[in-house]
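Visitor: This is a predicted model, with the sequence first.
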Amino acid sequence: MEVLMITQDMNVLREGSVEQSMLKEYAQDVRRLVVLVLNTHGDHYKPQKISDSLWIIPCNSWFKIMCPFSALSIARRELFFQGRMQTDVCTGQDTGLAGFSAWIIALSFKRPLHLHVQENLFSPVFIRGSFYNWIRYRIARFLLLSADGVRATSEGIRAALADFDTPLADRVVVTPDLIDTHAIQDEPLRVDLRAKYPQFTFIILVVAPLTKSQNVQTAVNIFAKIHHAYPHVGLVIVGEGPQHKHIIRLTHDLNIAESVVFEKPNNNMTSYYKTAQVLLVTALYEVDSKVITGAAAASCMIASSKVGIVTEIFEHDVSAFLCDPEDIQTYVQPILKSIHIPGLREKIRLNGMLAIMNRSDTNKSAYIKTYCDSWQKAIDLGK
């Protein structure tokens, strides 16, 4: 099986990154894996031959909107010869720009289309969150109806896809995101949040799009309560989105603006997880599981709403704090307790790391096989 993967994740271009490490694992189970990365010329990279079975090729497009057409051009130049496309399936790692790029290539060269769905785009909460979310929902509807195979990261997403289109459920394979914990732990520290923000003696980290569904305003309200009791705490929010200005105003209204830092998404998240004291998750219905598993593997304490795979991995008060976004005291009290009792924080942090390591070590080979099987299923259905 030869696979063409389209992704927006620029971490796959970085030698030694967790994302590139996982690609190496996938490539061992296929004849060839070619990865096209939808990056822009401002972040210029050269093509990389990682192994005989793994090639990573950046698009280096001038504008983001041109990335799908750059990907099509690269596919035609590098993969189309002897009168045919030299890959068996095109897989998009999202139902947005990467999925659209995969659809164009699959359509142009008559190859099966495989898509990766990581969040419930059919949730009314998501759709009503913003006009941008509604656009993403409409694009996802179109692409999913064209897909020969789909990989979903949870049974909840699979159920939502079945409600949307019953025949689509038969094309879905569920494989929750799994991260190479050892690669995360071995990844060198590139950014130390404690050194970057020395004014904070305790750092709370939020990594999420600034949208209604991610409920970051509740994270700010939680932080305000903690800050009132412990003024030296700091909040670092990594994310962008339509709620950005609203959340900034909220920090001023609560008189905590000087203790809240906003950063754009970047390629150093493992370092952030390693140097923050707690990852705070207040999502209402779905969360990026890579954020949760990545933070736990990096030994960051988790305080999260009960969404996605959180309840499958962690036990409340043992390996994480599982909280209710409707009751911010369920976050405030345990986090304050962990500040005043370092031994408690150490216990939760280590147990969380062990929980994700046990899950990863036990399921890694089966996970990779199931992941690759979802590509094969798309090939079989696309014939």
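Guide: Alright, I've got the coordinates. Numbering: from 1, shown residues only.
Visitor: contacting residues around Arg136?
Guide: Taking C-beta atoms under 8 Å, 6 or more residues apart in numbering as the criterion, Arg136 is in contact with 95-96, 121. In this view, the C-beta of every residue, glycine as well, is placed from N, C-alpha and C.
Visitor: got the buried residues for stretch 201-208?
Guide: 202-208 (16 or more other C-beta atoms under 10 Å).
Visitor: can you pull the buried residues of the strand or helix carrying Ile139?
Guide: Assigned by DSSP states H and E, Ile139 belongs to helix 131-146. Using 16+ other C-beta under 10 Å as the test for burial, helix 131-146 gives 133, 136-137, 139-140, 143-144.
Visitor: Report the rounded mean pLDDT for it.
Guide: Mean pLDDT, helix 131-146: 87.
Visitor: Kindly report the same for stretch 61-75.
Guide: Mean predicted confidence for stretch 61-75 is 89.
Visitor: What of stretch 187-196?
Guide: On average, stretch 187-196 scores 91.
Visitor: Same check on stretch 43-55?
Guide: 86.
Visitor: hmm, back to that, output the buried residues of helix 131-146 in CSV, with distance to Leu115 appended to each entry.
Guide: Shown next, in CSV, are the buried residues of helix 131-146 (distance: C-beta to C-beta, whole Å):
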residue, distance to Leu115
Asn133, 18
Arg136, 13
Tyr137, 14
Ile139, 11
Ala140, 9
Leu143, 6
Leu144, 6
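Visitor: Closest one of the residues you listed to Thr7?
Guide: Nearest to Thr7 among these, counting by C-beta to C-beta, is Leu143 at 15.1 Å.
Visitor: if we can go back for a sec, quick check: of the contacts of Arg136, which has the highest neighbour count?
Guide: Thr95 (26 neighbours; other C-beta atoms under 10 Å).
Visitor: In a helix, that residue, correct?
Guide: No. With DSSP: H, G, I helix; E, B strand; the rest coil as the criterion, Thr95 is located in coil rather than a helix.
Visitor: quick one, phi psi at it?
Guide: Note on Thr95: backbone dihedrals following degrees, to the nearest 10 are phi -110, psi 30.
Visitor: any idea how far Asp94 is from Thr153?
Guide: 11 Å (C-beta to C-beta, to the nearest Å).
Visitor: Looking at the buried residues of stretch 201-208, which is nearest Phe164?
Guide: Using C-beta to C-beta, these come closest to Phe164 at Ala208, 24.3 Å.
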